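Trainee: Could you look at this predicted model? Sequence included:
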Amino acid sequence: MRQLLGKLWREEDAMGTVEMVIIVAVLVGVALLFRSQITNFVKEATGKVFDPKIIDESITPKNP
């Protein structure tokens, strides 16, 4: 009985690892499917964040 419980405990630990590998594989697959959309989104977001015009306007004091 003790051996059976020990085997069951070890198998459950391995299942957690297998589940994590499956989740990572699914996430990589989704990222590959939507690669161009993700790339465009990141380019637009970084373009807005690092736009020199916006940065200059926020630094330069406005004259009333």
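Mentor: Sure, I can see it.

Trainee: low-scoring pLDDT stretches of this structure, where are they?
Mentor: When residues are selected by pLDDT under 70, those of the chain lie in 4-5, 8-15, 55-64.

Trainee: Check what contacts the helix or strand hosting residue 47 and list those residues.
Mentor: Per DSSP states H and E, residue 47 falls inside helix 35-49. Outside helix 35-49, the residues within contact range by Cβ atoms under 8 Å, 6 or more residues apart in numbering are 31, 54. C-betas here are computed from N, CA, C, even on glycine.

Trainee: how about the CA coordinates for it, as PDB?
Mentor: Extracted C-alpha coordinates of helix 35-49, given in PDB (Å, rounded to 0.1, in the frame of the first residue of the first chain):
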ATOM      1  CA  ARG A  35       2.400  36.900 -35.000                       C
ATOM      2  CA  SER A  36       1.700  39.700 -37.500                       C
ATOM      3  CA  GLN A  37      -1.100  41.200 -35.400                       C
ATOM      4  CA  ILE A  38       1.100  41.100 -32.300                       C
ATOM      5  CA  THR A  39       4.000  42.600 -34.100                       C
ATOM      6  CA  ASN A  40       1.800  45.400 -35.500                       C
ATOM      7  CA  PHE A  41       0.300  46.100 -32.100                       C
ATOM      8  CA  VAL A  42       3.700  46.300 -30.400                       C
ATOM      9  CA  LYS A  43       5.100  48.600 -33.200                       C
ATOM     10  CA  GLU A  44       2.200  51.000 -32.900                       C
ATOM     11  CA  ALA A  45       2.400  51.000 -29.100                       C
ATOM     12  CA  THR A  46       6.100  51.700 -29.000                       C
ATOM     13  CA  GLY A  47       5.700  54.300 -31.800                       C
ATOM     14  CA  LYS A  48       3.200  56.200 -29.600                       C
ATOM     15  CA  VAL A  49       5.200  55.900 -26.500                       C
END
